[in-house]
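Q: what shape does this take:
(one chain, ligands or ions: 1)
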Amino acid sequence: MEETAHEMKIYTYPDPVLKTPAEPVREIDGELQRLIDWMIETMYDAPGIGLAANQVGVLKRVIVFERQPRERRRNPGVLINPEIVLGEDQIKWEEACLSVPDFSAEVVRKGQVKVRGLDRQGNPSDIEAEDLLAVCLQHEVDHLNGTLFIDHISALKRALYKKKLTKMLKEQDEMD
Ligand code: NI
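A: Here you go, the predicted structure:
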């Protein structure tokens, strides 16, 4: 079996760390590089196509993502302090999240975005994306602001998810 030494714990709803806005990164140091490496490993192990630092319990504005999410070639992208500077057109996508287990729902977002941030060396990095990558980047930047995709769905659908979650947690309890 392949050893996954640096897989980090993924926090799930309703953990408060997911509701807390992350702080801007001010120093690009070895600790940050390690966090980025571990986040990339954790994302691919999950498996997922994007991960924000909040999801591993770190309140720093860092996201990692798969640059070719349809092909899943393990071509990871990193953005530090990302900001969506341009968004055009609308797209509706069935979204899921590693922090919202066993649930997916359609969310309306921008179909094309430009996201501005820093790469892992601290150089300015603009990423233009459309389609699934655009959805993914908006979803991850949302995480840094303490927003989950279930915050974008109707109150009724959200209530159904909470009910399902309560039931799942209860069943887990009974098994323990
Ligand atoms: Ni997510």
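Q: any idea how far K167 is from H143?
A: Per C-beta to C-beta, to the nearest Å, K167 is found 25 Å from H143. C-beta here means a position set from N, CA and C on the backbone, and glycine is covered the same way.
Q: comparing those two, which residue is more hemmed in?
A: H143 (23 against 10; other C-beta atoms under 10 Å).
Q: could you report the pLDDT at that one?
A: What the model reports as pLDDT for H143 is 98.
Q: quick check: it vs N54, distance?
A: H143 is 5 Å from N54, by C-beta to C-beta.
Q: surely R120 touches G77?
A: No. R120 is not in contact with G77 according to C-beta atoms under 8 Å; the separation is 9.7 Å.
Q: helices along the chain, start to end?
A: 30-45, 131-144, 155-175 (DSSP state H).
Q: looking at those, which one has the lowest mean pLDDT?
A: helix 155-175 (a mean of 90).
Q: grab the nearest non-local neighbour of F65.
A: Once flanking residues are discounted, F65 sits nearest to G50: 4.1 Å by C-beta to C-beta, 6 or more residues apart in numbering.
Q: chain center to stretch 138-154: distance?
A: On the basis of C-alpha atoms, centre = their mean, to the nearest Å, stretch 138-154 sits 9 Å off its chain's mean C-alpha point.
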